[in-house]
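S.K.: Could you work out the structure for the sequence below:
(one chain, ligands or ions: 2)
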Amino acid sequence: MAQRDYYEILGVARDAEADVIKKAYRKLAMQFHPDKNPGDKESEEKFKEAAGAYEILSDPQKRAQYDRFGHQAFSGGRGGGHQGFQDVDDIFSHFGDIFGDFFGGGGAGGARQGRSQNGPRRGSDLRYVTEVSLKDVIFGLEKEIEFDTDENCGECKGTGAEKGTHPDTCQMCNGSGQVVRSQGFFAMASTCPACHGKGTIVKNPCKSCKGKGRKAQHKKIRLNIPPGVDTGTRLRVATEGEGGYMGGPPGDLYVEIRVKPHNNFERRNEDLFAELSVPYVQMLLGAEIEVPTVTGKAKLEIPKGAHAGDNVKLAGEGLPSLKGSRRGDIYFLVNVQFPDKLHKDEEKLLREIAKARGLDVKGEGGLFNRKK
Ligand SMILES: [Zn+2]
Ligand SMILES: [Zn+2]
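M.R.: Ligands and ions are numbered 1, 2, ... in the order given. Got it, this is the predicted structure:
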């Protein structure tokens, strides 16, 4: 099936600003929201389609890739993630923060789960930002990260009630967590003030968690960062997010990558760019010279008669792509390097060249000093 253009899906111009894209997406998400269109497959598809488009266009890196390569940029990639969303819950866990604004959910993943406070519930997704070097981008990296989150209290199984006791059903709402008030023709439901929507009241709080049902958890995990990541790359580590509630599954951990800037190299996708000064004689006659790479040194072929401003390519010494295809290249922008001091013999030879070329030059004597 042919994929529709992301800009077309969101109905925005190709040069639309980020907030225009966000607004357009919110509007579509509201319109096709599964809670508003229960059981409507077409709406659900549209909802997913919009989320897929928004995932790419809301991320400057991915948007740039899409602008350059179209859908091609994300097809056949490893790690999935760009293949569109498989189910609606996936979307909520991705864009929970946006939905939170208008569906009243609490943070990522909260939008849908906010309704039932007392049943099993999935833990929130967590976001972790980590920095890597360009060298790590080439080789990939195994890294240990630590962070704090929380999980169900094992003592009370998340109920908050002391072992051997159990929470009592709230009298005010009969356990529903909501109280209904009649106002004319309308019945208005609101959160029960006595149990705060839990439906239960704890008389003997669990000592281990002080009745909260949750305990702090320090997590230490080994992270596998694959070669080819870029700033903005997001890695999903399933089930390493916040612990689930009342026996619900844990959330996921999303690790966001930042690549540290490099002193010599500037990155453009898989290619690297650097400046290089080359002695004028080598520029004119061509040469093989040693140049720095990210990982060490390599030989670069300066073609005979190279010009200042040429980009000389060092093939295969750039970065790998996440898709695992061949590595990019390094482009050296070459400048001509003239000597600061001219040796006597060198001057003599240059004068002969000038003569041979019929060029009028200044006479001998006087100081030769290049201003820096
Ligand atoms: Zn407890
Ligand atoms: Zn209640």
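S.K.: And the residue nearest the centre of this protein?
M.R.: Gly232 (2.7 Å; C-alpha atoms, centre = their mean).
S.K.: That residue is in contact with Glu256, isn't it?
M.R.: Yes: in this structure, Gly232 is within contact of Glu256 by C-beta atoms under 8 Å, at 7.1 Å. The C-beta positions use only the backbone N, C-alpha and C, and glycine is treated the same way.
S.K.: returning to that earlier point: for the residue nearest to the centre of the chain, helix, strand, or coil?
M.R.: Taken by DSSP: H, G, I helix; E, B strand; the rest coil, the conformation at Gly232 corresponds to coil.
S.K.: residues near Ala298, how many?
M.R.: One way to gauge burial is a neighbour count; for Ala298, by other C-beta atoms under 10 Å, it gives 15.
S.K.: For it, report the pLDDT, please.
M.R.: Among the per-residue scores, Ala298 holds a pLDDT of 97.
S.K.: what's it sitting at in phi/psi?
M.R.: Reported as degrees, to the nearest 10, the phi and psi values for Ala298 are phi -150, psi 160.
S.K.: give the contact list for it.
M.R.: Neighbour list for Ala298: 290-291, 314, 317 [criterion: C-beta atoms under 8 Å, 6 or more residues apart in numbering].
S.K.: What count of nearby residues applies to the closest residue to ligand 1 within the stretch 1-150 of the chain?
M.R.: The minimum distance from the stretch 1-150 of the chain to ligand 1, using C-beta to the ion, falls at Asp150 (11.6 Å). The burial count assigned to Asp150 is 18, neighbours taken as other C-beta under 10 Å.
S.K.: could you measure it against Gly244, distance?
M.R.: 11 Å (C-beta to C-beta, to the nearest Å).
S.K.: hang on, the earlier thing: how about the residue of the stretch 1-150 of the chain closest to ligand 1, secondary structure?
M.R.: The three-state label for Asp150, taken from three-state DSSP, comes out as strand.
S.K.: My guess is it contacts His218. True?
M.R.: No: the pair Asp150 and His218 fails to qualify as a contact (C-beta under 8 Å) at a distance of 10.0 Å.
S.K.: pLDDT of stretch 163-178, averaged?
M.R.: For stretch 163-178, the per-residue pLDDT values average out at 89.
S.K.: brain fart, stretch 147-159
M.R.: Within the predicted structure, the mean pLDDT of stretch 147-159 is 90.
S.K.: Flag every buried residue along that stretch.
M.R.: By neighbour count with 16 or more other C-beta atoms under 10 Å, stretch 147-159 contains the buried residues 149-153, 155-156, 158-159.
S.K.: among those, which are within reach of ligand 2?
M.R.: When C-beta under 5 Å from the ion is taken as the criterion, no member of these contacts ligand 2.
S.K.: right, and out of these, which lies closest to ligand 2?
M.R.: Nearest to ligand 2 out of these is Thr159 (C-beta to the ion; 15.1 Å).
S.K.: Check what pLDDT Leu322 gets.
M.R.: Reading off the per-residue confidence, Leu322 sits at a pLDDT of 89.
S.K.: Please point out which parts of stretch 7-26 sit buried.
M.R.: Burial within stretch 7-26, assessed by neighbour count using 16+ other C-beta under 10 Å, is assigned to 7, 9-10, 12, 16, 21-22, 24-26.
S.K.: Equivalent analysis for stretch 335-354, please.
M.R.: Those would be Val336, for stretch 335-354 by 16+ other C-beta under 10 Å.
S.K.: Low-confidence ranges, this protein, go.
M.R.: 1-2, 75-118, 366-372 (pLDDT under 70).
S.K.: Go again with 80.
M.R.: Counting by pLDDT under 80, the chain contains low-confidence ranges at 1-3, 34-39, 72-119, 182-188, 324-325, 364-372.
S.K.: just the residues of it that are near ligand 2, which are they?
M.R.: The interface of the chain toward ligand 2, taken as C-beta under 5 Å from the ion, is made up of 170, 172-173, 192, 194-195.
S.K.: Quick check: PyMOL command selecting the buried ones in those residues.
M.R.: Selecting the buried subset of the residues of the chain next to ligand 2 in PyMOL, with 16+ other C-beta under 10 Å as the burial test, is done by:
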select buried, resi 170+173+192+195
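S.K.: Tabulate the residues of the chain next to ligand 2 (TSV), appending secondary structure.
M.R.: Written out in TSV, the entries for the residues of the chain next to ligand 2 read as follows (three-state DSSP):
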residue	secondary structure
Cys170	coil
Met172	coil
Cys173	coil
Cys192	coil
Ala194	coil
Cys195	coil
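S.K.: What ranges does the chain have for its helices?
M.R.: Secondary structure of the chain, counting by DSSP state H: helices at 6-10, 18-31, 41-57, 60-69, 88-103, 110-113, 134-139, 280-285, 344-356.
S.K.: Can you tell me which of those is most buried?
M.R.: Compared across those, helix 110-113 shows the largest average neighbour count, a mean of 22 (mean count of other C-beta atoms under 10 Å).
S.K.: now, which of the contacts of Ala298 sits nearest ligand 1?
M.R.: Using C-beta to the ion, Glu317 comes nearest to ligand 1 of these, at 56.4 Å.
S.K.: Setting the sequence-adjacent residues aside, check what's closest to Gly309.
M.R.: Counting by C-beta to C-beta, 6 or more residues apart in numbering, the nearest residue to Gly309 once its immediate chain neighbours are dropped is Leu333, at 7.0 Å.
S.K.: Thank you kindly, that will do.
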